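Asker: generate a structure from the sequence data that follows.
(one chain, ligands or ions: 2)
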Amino acid sequence: TEELIRKSEKLTVLGELAAGVAHEIRNPLTSLKGFTKLLHDADGDIKGEYLRIMESELNRINEIVGELMLVAKPQAVSFEYTNLKEIINSVVLLLETQAIIKNIQIIVKMEDDLPHVYGVENQIKQLFINLLKNAIESMEQEGIITLELERKNNLVQMTIQDQGCGIPKDRLKTLGEPFYTTKDKGTGLGLMVCFKIMEEHSGKIEFSSEEGRGTKVEVLLPTSPPPKPFKTHR
Ligand code: ADP
Ligand code: MG
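Answerer: Numbers count the residues shown, from 1 in each chain. Ligands and ions are numbered 1, 2, ... in the order given. Reported below is the predicted structural model:
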């Protein structure tokens with residue numbers, strides 16, 4: 001019975017997720033359908049305008065699907081000892097232009113002899129991208145984001161502190177629920193993916209925040225394989 005309960009819980013979550021995805025994708029699809037019709041008798045400038053809107057709707061669908069790939073597809077994942085320093089550096093490089101435009105400085109502090117973590121490189125990269133992107137997006141302009149990495153016994157702790165808008169208290173508990181977003185162009189899937197990745201890594205992720213002042217995200221990743229074998233889901 002326990003097994004059954006667990007399975008049905010999984011199905012409920014899956015059903016909710018599927019309903020959410022269907023809903024989120026139907027909106028841009030409906031709009032695309034409408035504009036396709038309009039396009040028939042449109043000409044000149046207005047045609048270009050329609051095409052621009054259609055492109056942005058397509059981008060939105062693409063983004064949603066892209067974020068979901070990671071949770072939806074049983075990928076061939078390989079756990080290995082992974083160098084966080086390299087991952088962090090490449091992620092910072094990737095998002096730096098976005099930060100510079102807003103006058104945001106990203107400060108990275110890490111020990112020289114930081115141990116490797118036991119994980120899937122691409123997933124950890126995805127995790128950092130999603131978190132750092134949120135940090136940058138939370139800040140209007142100017143300020144500092146600090147990324148700190150340190151060893152904590154058999155774990156590596158990474159802390160991301162931003163000086164952004166913060167998260168309301170009653171929202172902190174529900175972070176990770178799909179499709180919660182406060183952004184015009186948000187997908188509300190980034191954190192769900194982060195939680196999923198942390199679960200697969202037997203890691204931990206914690207948010208603390210003060211509205212109007214900023215948010216701190218603490219991530220704990222193990223430096224060695226977990227003692228018991230991984231659950232197999234499929
Ligand atoms: P998205 O970024 O597409 O909105 P996420 O799942 O990444 O989706 O984040 C969900 C929501 O959580 C965001 O819209 C925002 O309201 C809140 N949030 C996440 N990270 C931060 C942060 N560092 N500062 C303020 N709000 C945040
Ligand atoms: Mg995000």
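
Asker: flag every residue of the chain that's near ligand 1.
Answerer: Within reach of ligand 1 by C-beta under 6 Å from any ligand atom, the chain has these residues: 130, 134-135, 138, 162, 164-167, 175, 180-183, 186-191, 215. For the C-beta atoms, the positions are set from N, CA and C on the backbone; glycine is no exception.

Asker: residues in contact with the residue in the chain that ligand 2 sits nearest to?
Answerer: Closest to ligand 2 within the chain is Gly190: 3.1 Å, counting by C-beta to the ion. Gly190 is in contact with 67, 130, 133-134, counting by C-beta atoms under 8 Å, 6 or more residues apart in numbering.

Asker: in strands only, show me the residues of the chain next to ligand 1.
Answerer: Per DSSP state E, strands hold the following members of the residues of the chain next to ligand 1: Thr215.

Asker: report the buried members of the residues of the chain next to ligand 1.
Answerer: The neighbour count (16 or more other C-beta atoms under 10 Å) marks 130, 134-135, 138, 162, 164-167, 175, 187-191, 215 as buried among these.

Asker: so among those residues, where is pLDDT lowest?
Answerer: Of all those, Thr187 carries the smallest pLDDT score, 84.

Asker: tell me the contacts of that one?
Answerer: 24, 60, 63-64, 67, 179, 181.

Asker: now that we have those, which of them are buried?
Answerer: 24, 60, 64, 67, 179.

Asker: how about Glu211, nearest residue that isn't a chain neighbour?
Answerer: Spatial nearest neighbour of Glu211, excluding adjacent residues (C-beta to C-beta, 6 or more residues apart in numbering): Gly166 at 3.9 Å.

Asker: correct me if wrong: the one you found contacts Ser208.
Answerer: No - contact criterion C-beta atoms under 8 Å: Gly166 and Ser208 do not qualify, at 9.9 Å.

Asker: quick check: neighbours shared by the two?
Answerer: Joint contacts of Gly166 and Ser208 (C-beta under 8 Å, 6+ apart) are Thr215.

Asker: what about Glu49, neighbour count?
Answerer: Glu49 has 12 neighbouring residues, counting by other C-beta atoms under 10 Å.

Asker: quick one: mean pLDDT over the strand or helix carrying it.
Answerer: Using DSSP states H and E, the element containing Glu49 is helix 44-72. Confidence for helix 44-72, expressed as mean pLDDT, is 85.

Asker: about what we covered before: closest one of the contacts of Thr187 to Glu200?
Answerer: Among these, Glu67 lies closest to Glu200 (C-beta to C-beta), at 15.8 Å.
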